[in-house]
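could you look at this predicted model? Sequence included:
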Amino acid sequence: MPNFVMSYLGSTVTPGQAGNQFWALMYVLIIFAGVSVAVMAMNWLERKALAHFQIRLGPMRVGPHGLLQPFADALKLMLKEDIIPTEADQFVFWVAPLIGLLASFTVYTVIPFGPSQAVSDMNIGILFMLGVSSLAVLGIVVAGWASNSHYPLIGALRSSAQMVSYEVAMGLAVVSAVLMTSMNASGTGTLSMIGIVQAQQQQGIWFIFKFFPLGFIAFAIFAIAMVAETNRAPFDMAEAESELTAGYHTEYSGLRWSLFMLAEYAAMIAVSSIAVTLWLGGWMRPFPNLLQAPAWEFIFSLFPGLTFAGLAAIAFIGTARMPAQSFFRVQRIGLAVFAALLGFIALLLLVIAVAGRTADTSVAARFREGIDYVYWFVLKVAVFMYLFIWYRATWPRYRFDQLMRIGWKVMLPIALGVLMLTAIVGVIVS
Amino acid sequence: MNPALNSAAATMNTGMAPVATPWFFYALAGAALISALFVITRRNAVHSALALIVTLLSVAGLYLMLYAPFVAGVQIIVYAGGIMVLFLFVIMLVNVERSSKERQFNRIWPVGLAAACALMALFVSALVKGRALFPERLVKLSEGTNTQDIAKALYGDAGRMGQYTFAFEIASLLLLVAILGAVIMTKKKI
């Protein structure tokens, strides 16, 4: 057994390709736990950031600076009464949140956190991601219908119309990025998520900068369409609270409602990962082909540790600035422990960076590489997560006809044009 | 160390472990059949549509087992993701409550049964007579280049026309005509 487990550590392919069920299961569990924690962190960050945008404090009571608020929320939602309306279609009402959740978590099987840090690498990777994430709309439609109520139905209709419309522009933007993967000697492109990042590595350029401005326009179209796909502000017509109370999940409460929220945030992370993989170089650190020297490699491998050190410093400053009243003593100790924990993680990461600085195939070096890949990927995705919050705080909601007009009459023609121009330029260049 | 794990480690080093086991085939085929039965027996149209989604997804799984990931992906995108959303969209606008209580007004099930039996007979005769047409065993296509192989068959390779380029272009022309027809029929003024 230990041999079976250890034999994978030196491998350079994903557990799915190696046929190693144990590590595949491990990766699934790690990703599931990681995404759940990320959703909780995102929940806290969103409330805090939105509050600061609006010159409020946001959650402050549960834990220092409201850090324990997500846990309190989760507990509250689990203890709440689970109401199923009498007139609702019982079975469909029950199954609807699960459809959305399954769809948004299934796509994580092909997200490449690194060249071997993914559950599996499929030949049809990006197609699989688009297909499965488009299944999420079924959950929303069915939830709206099963509630047997007006607002949910209208919300579901809006949402399905919106998601079907923006999927078209999104797909065309993705195709123009896939076209760019075929700009190599053999002229064969790839749909595999890992293959797409490797194509960017070989061509020495992120696809966002390729054939400037074509890559950038395709990326911008995807970045707009993905906000609409996930029903987030300013395109959150499906759950516009000023018009539809809460849209498709009006009748849901307690744990079922929280499953919808979990699915929504998981889907946000998933689409951001697609954007990062296709246009922003996936797991690659900045300038991997220009700053190739081992010294640069070492400097960049210090980043994960330094990030955590920075977070620990912020937490320590927060501890020091805590009011010196006996009322805050527990919070103060808690924040200090949290800061110490972050500092410990930072120290651990720095030790790994130093221990694994040689570019050989020892376990420490492989481990250090893996941490670097995951760190850069997660950092890029985190930028998108912050953008989602920023959009929500900045832009007013669109009207539904405006939304449809932008989708069909602006984004679709531009996406088609970019696709054709990319193909033409590609033929001329190669 | 026990021999089973040893052999597992050995397959891991040599490459793909076999995924296409009979167990998966029977599970997927069973799911497809049972959900297909639900499609025609449920009175509520939304339940039928949901069962149809399960059928389509199981069939996508069967395609995966036949080493055709591209077809499986397209099946999910086009049928389960696209067409079924439109189905649900239309069904939701129909008053399901009333239509489920209505009596079935057409009485043509003998004709339907006869048609189904004829189709079954056709399949069985194709299976019996055309045994030579089918490969002896499961053809293991190279899964890693499946999409690229399909692209070469459809669009050609290195300047030559592909095997199916003509048929593919004719089919796309047909679909274009259908789209234009739909737009012209629904829009009075363009």
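Perfect, thanks for sending it.

residue ranges with poor pLDDT in the stretch 151-300 of chain A?
Within the stretch 151-300 of chain A, the segments meeting pLDDT under 70 span A:240-241.

kindly apply the preceding question to chain B instead.
Residue ranges of chain B with pLDDT under 70: B:1-20, B:95-102, B:104-105, B:138-141, B:143, B:158, B:190.

which residues in it form helices?
Along chain B, the segments classed as helices by DSSP state H run B:3-14, B:22-41, B:45-65, B:69-74, B:84-93, B:96-101, B:109-129, B:146-155, B:165-186.

tell me which of the ones you listed sits nearest to A:Thr86.
helix B:96-101 (14.0 Å; Cβ to Cβ). The way it works is simple: take the backbone N, C-alpha and C, and place the C-beta from them, glycine included.

who's in contact with the residue nearest to B:Leu88 when sequence neighbours are not counted?
Excluding the flanking residues, the one nearest B:Leu88 by Cβ to Cβ, 6 or more residues apart in numbering or on different chains is A:Val141, at 5.0 Å. Residues in contact with A:Val141, defined by Cβ atoms under 8 Å, 6 or more residues apart in numbering or on different chains, are A:Ala156, A:Leu157, A:Ser159, A:Ser160, A:Tyr248, B:Val85, B:Leu88, B:Phe89, B:Met92.

how near is the residue nearest in space to the middle of chain B to chain A?
Residue closest to the average C-alpha location in chain B (Cα atoms, centre = their mean): B:Val59, at 5.0 Å. B:Val59 is 14 Å from chain A, where distance means Cβ to the nearest Cβ, to the nearest Å.

give the contact list for B:Leu28.
Counted by Cβ under 8 Å, 6+ apart, B:Leu28 has contacts B:Ser58, B:Val59, B:Gly61, B:Leu62, B:Met65.

same question, A:Gly100
A:Ala136, A:Leu138, A:Gly139, A:Ile140, A:Ala143, A:Leu259, A:Phe260, A:Ala263, A:Glu264, A:Ala267.

roughly how far apart are the residue in chain A that chain B sits nearest to and A:Val13?
Chain B sits closest to A:Gly19 of chain A, with a gap of 2.9 Å, by Cβ to the nearest Cβ. From A:Gly19 over to A:Val13 the distance is 10 Å, taken as Cβ to Cβ, to the nearest Å.

among the contacts of A:Gly100, which one sits closest to B:Lys129?
A:Leu138 (40.9 Å).

got the contacts of A:Val141 as a markdown table, with distance to A:Gly305 and neighbour count columns?
Shown next, in a markdown table, are those (distance: Cβ to Cβ, whole Å; neighbours: other Cβ atoms under 10 Å in any protein chain shown):
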| residue | distance to A:Gly305 | neighbour count |
| --- | --- | --- |
| A:Ala156 | 46 | 29 |
| A:Leu157 | 50 | 18 |
| A:Ser159 | 42 | 24 |
| A:Ser160 | 46 | 23 |
| A:Tyr248 | 43 | 32 |
| B:Val85 | 46 | 23 |
| B:Leu88 | 50 | 24 |
| B:Phe89 | 51 | 17 |
| B:Met92 | 53 | 20 |
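
A:Ser253 versus A:Glu87, what's the distance?
16 Å.

the two: who's more crowded?
Each of A:Glu87 and A:Ser253 has its neighbours counted (other Cβ atoms under 10 Å in any protein chain shown); A:Ser253 has more, 15 against 10.

from A:Phe93, how far off is the nearest residue to that one once chain neighbours are set aside?
Residue nearest to A:Ser253 in three dimensions, not counting chain neighbours: A:Ile83, with 4.9 Å by Cβ to Cβ, 6+ apart. The spacing between A:Ile83 and A:Phe93, counted by Cβ to Cβ, is 10 Å.

name the residues contacting each of the two.
With contacts taken as Cβ under 8 Å, 6+ apart, A:Ile83 and A:Phe93 have A:Glu251 as neighbours in common.

these two: who's more crowded?
A:Phe93 (20 against 13).

near chain B, which residues of the stretch 151-300 of chain A show up?
Counting by Cβ under 8 Å from any Cβ of the partner chain, the stretch 151-300 of chain A comes close to chain B at A:Leu153, A:Ala156, A:Leu157, A:Ser160, A:Ala161, A:Met163, A:Val164, A:Thr188, A:Gly189, A:Thr190, A:Leu191.

for A:Leu262, what are its contacts?
A:Ser36, A:Val39, A:Leu101 are the contacts of A:Leu262 under Cβ under 8 Å, 6+ apart.

next, it: phi, psi?
Main-chain dihedrals, A:Leu262, degrees, to the nearest 10: phi -60, psi -40.

pLDDT of stretch A:128-135, averaged?
The pLDDT scores in stretch A:128-135 average 87.

how about that stretch and chain B, touching?
Yes. Stretch A:128-135 reaches chain B (Cβ under 8 Å from any Cβ) through A:Phe128, A:Leu130, A:Gly131, A:Val132, A:Ser134, A:Leu135.

which residue sits closest to A:Thr422, ignoring its sequence neighbours?
A:Ser176 (4.5 Å).

next: B:Ala36.
Residue nearest to B:Ala36 in three dimensions, not counting chain neighbours: B:Thr55, with 4.9 Å by Cβ to Cβ, 6+ apart.

which residues does the one you found contact?
B:Ala31, B:Ala32, B:Ser35, B:Ala36, B:Val39.

same check, this time on A:Val142
Contacts of A:Val142 by Cβ under 8 Å, 6+ apart are A:Val92, A:Val95, A:Ala96, A:Ile99, A:Ala156, B:Val46, B:Leu50, B:Leu88.

could you redo the last one with a cut-off of 6 Å?
Neighbouring residues of A:Val142 by Cβ atoms under 6 Å, 6 or more residues apart in numbering or on different chains: A:Val92, A:Ala96.

look up the pLDDT of it for me, please.
A:Val142 is assigned a pLDDT of 86 by the prediction.

quick check: the gap between it and A:Ile84.
Applying Cβ to Cβ, the value for A:Val142 to A:Ile84 is 14 Å.

A:Ala238 and A:Glu229, how far apart?
Distance from A:Ala238 to A:Glu229, by Cβ to Cβ: 11 Å.

for A:Leu79, grab the count of nearby residues.
For A:Leu79, using other Cβ under 10 Å, the count is 9.

apart from its chain neighbours, what residue comes closest to it?
Nearest residue to A:Leu79, sequence neighbours excluded (Cβ to Cβ, 6+ apart): A:Gly254, at 8.0 Å.

with A:Thr277 instead?
Using Cβ to Cβ, 6+ apart and skipping residues adjacent in sequence, the residue nearest A:Thr277 is A:Met193, 5.4 Å away.
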